[in-house]
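# coordinates only, sequence not included:
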């Protein structure tokens, strides 16, 4: 094991790839799940496997569309995902795509938007920094601090919109609306291609059905049930 | 009087222009001046006039360089400045230009910069919103929320760099270093030209001499003393 994360542990494999072990822990506050939170708030039996199953589903969809990701394969029974090696930008970024004004966006810009107002696939970047509450950062600051060049920013923004659109479309097929989703990217594999890393599951997004928020486990179940 | 501000009151004149009355109040926390703070922390006799004198000095410098501002004239005895009418963007923005990592920039990005590290005339925009702590906002969000178009953002950024460079240069002549400065802009006069509004004084900037922070009143005194 080379890294113990809040919701995943990371192991280095002998062939240079990595193994992600999905845990049953979910981020939140006061025992309530919140994808925007920075600490583990609850643990639910089967949450790790459910997140992995949904991640596998989305990563394979992205593979079909030739969108670059770190994904190689998943072992649901062991709750592990094999991925290519990746270097994160700086000490890690989160890239968020928003279709509705909720969460920290609403917290910041509530003077200008109503809760739940539609947003046009708006993309923003925050630094992974628990101590400073994952601060928002703009393109110029990312370039100045040598975290991301302006061209890389453009590429990340485009990839984010494309991937979010794939997820949104898949959810829509089940009558679910995607409000927002956060991604992590890195320079992946030997050729350091910019690609999606981490996972794509209920714990990275806010999904609603008929105006009701859908918990991560329920989301996995709805998305993966046989038609 | 049409508006009572924290450090200035605003009166409408019969000719369509406005009169700004500079007060002796300064923003800060716990009685200590801080240009980044959102409430009045202290009052110093003569602070209003000192701020006005320095503003007059800088606005006239900008006039010489044909940089658009709302400034018409100043009456130091009465502590008033006559200005053109202006519409702010949204409900008001602050545009900050940074040469050193201090204040809220350091608070956000302290994982990547040392205190006082040099920055390359980095420009960022915050919303004037006391309740939400003047949140940072990027170009895409400003455009999406109809606060500022992308072209206007570009223009504001350029104007900000140009004006900050003029202030920095003037301070340098007195051996003073500009760390950061915040501006307000608006659509000014009958033709709605984008121009600098508000004031340019010690209360909008962090200025240092030989590594020591210079209080607003002292800054006015040093800048305006006869050569």
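Done, it's in. Just so you know, these numbers come straight off a predicted model, no measurement behind them. Numbering: from 1, shown residues only, chains lettered A, B, ... in the order given.
# For stretch A:218-227, list every residue counted as buried.
Neighbour counts using 16 or more other CB atoms under 10 Å in any protein chain shown place A:219, A:220, A:222, A:223 of stretch A:218-227 among the buried residues. To be clear about C-beta, it is placed using only N, CA and C from the backbone, and glycine gets the same treatment.
# ok, of these, which one's closest to chain B?
The shortest gap between chain B and any of the buried residues of stretch A:218-227 belongs to residue A:219, at 26.7 Å (CB to the nearest CB).
# Now the two most distant members of the buried residues of stretch A:218-227.
Spanning the widest gap among these are A:220 and A:222, at 7.6 Å by CB to CB.
# Okay, and the beta partners of residue A:22?
Note on residue A:22: beta-bridge partners by DSSP bridges are residue A:8.
# surely it meets residue A:54?
No. Using CB atoms under 8 Å, residue A:22 is not in contact with residue A:54, being 10.4 Å away.
# helix/strand/coil for the spatially closest residue to residue A:177 that is not a sequence neighbour?
Counting by CB to CB, 6 or more residues apart in numbering or on different chains, residue A:177 lies nearest to residue A:208, which is 5.0 Å off, once chain neighbours are set aside. Assigned by DSSP: H, G, I helix; E, B strand; the rest coil, the conformation of residue A:208 is strand.
# go on, residue A:54?
Assigned with three-state DSSP, residue A:54 falls in the helix class.
# residues touching it, list them.
Applying CB atoms under 8 Å, 6 or more residues apart in numbering or on different chains to residue A:54 gives the contacts A:200, A:201, A:202, A:219, A:220, A:223, A:224.
# element containing the residue most central in space within chain A?
The centre of chain A sits closest to residue A:183, judged by CA atoms, centre = their mean, with a distance of 3.5 Å. Taking DSSP states H and E as the definition, residue A:183 sits inside strand A:177-188.
# And the contacts of residue A:54, which is closest to residue B:131?
Distances from residue B:131 to those, taken as CB to CB, are shortest for residue A:202 (31.6 Å).
# so what secondary structure elements neighbour the lengthiest helix in chain A?
Scanning chain A for the longest helix, with DSSP state H as the assignment, gives helix A:150-173. Using 3 or more CB pairs under 8 Å, 6 or more residues apart in numbering or on different chains; DSSP states H and E as the contact test, the elements touching helix A:150-173 are helix A:47-64, strand A:93-100, strand A:118-127, helix A:139-144, strand A:177-188, strand A:193-197.
# So which elements touch whichever helix or strand comes after the second one?
Just to be clear, that refers to strand A:93-100. Heading C-terminal from strand A:93-100, the first helix or strand you meet, by DSSP H and E, is helix A:103-109. Packed against helix A:103-109, as judged by 3+ CB pairs under 8 Å, 6+ apart, are the following elements: strand A:118-127, strand B:136-137.
# How about the residues of chain A by chain B?
With CB under 8 Å from any CB of the partner chain as the criterion, chain A meets chain B at residues A:90-91, A:107-113, A:119-120, A:122-124, A:127, A:129, A:131-132, A:135-141, A:144-145, A:147.
# buried subset of those?
Counted by 16+ other CB under 10 Å, the residues of chain A next to chain B give A:90, A:108-109, A:112-113, A:119, A:122-124, A:127, A:129, A:135-141, A:144-145, A:147 as buried.
# for chain A, which spans come out with low pLDDT?
Applying pLDDT under 70 to chain A flags the ranges A:226-227.
# make it 90
Within chain A, the ranges that satisfy pLDDT under 90 run A:1-3, A:5-6, A:27, A:29-39, A:189-190, A:225-227.
# Count the neighbours of the closest residue to residue A:142 other than its chain neighbours for me.
Nearest residue to residue A:142, sequence neighbours excluded (CB to CB, 6+ apart): residue A:148, at 4.2 Å. Counted with other CB atoms under 10 Å in any protein chain shown, the neighbours of residue A:148 add up to 23.
# wait, residue A:148 sits on residue A:93?
Yes. Checked against CB under 8 Å, the pair residue A:148 and residue A:93 is within contact range at 7.2 Å.
# Can you work out which residues contact both of those two?
Between them, residue A:148 and residue A:93 share these contacting residues under CB under 8 Å, 6+ apart: A:125, A:142.
# what about residue A:192, neighbour count?
Residues near residue A:192, counting by other CB under 10 Å: 12.
# Now do the same contact list for it.
Residues counted as contacts of residue A:192 (CB under 8 Å, 6+ apart) are residue A:87.
# sec struct for the residue in chain A sticking out farthest from the centre, please.
Distance from the C-alpha centroid of chain A peaks at residue A:111, with 27.2 Å (CA atoms, centre = their mean). Three-state call for residue A:111 (three-state DSSP): coil.
# Go ahead and confirm it touches residue B:133.
No. Look at residue A:111 against residue B:133 with CB under 8 Å: they stay out of range, at 11.6 Å.
# ok now do residue A:112, which residues does it touch?
Contacts of residue A:112 (CB under 8 Å, 6+ apart): B:90, B:91, B:127, B:145, B:147.
# What residue, apart from its backbone neighbours, is nearest the residue farthest from the centre of chain A spatially?
In this structure, residue A:111 finds its nearest non-sequential neighbour in residue B:129, 5.0 Å apart by CB to CB, 6+ apart.
# quick one, phi psi at the one you found?
Taking degrees, to the nearest 10, you get phi -160, psi 90 for the backbone angles of residue B:129.
# How much space separates it from residue A:180?
Relative to residue A:180, residue B:129 is positioned 21 Å away (CB to CB, to the nearest Å).
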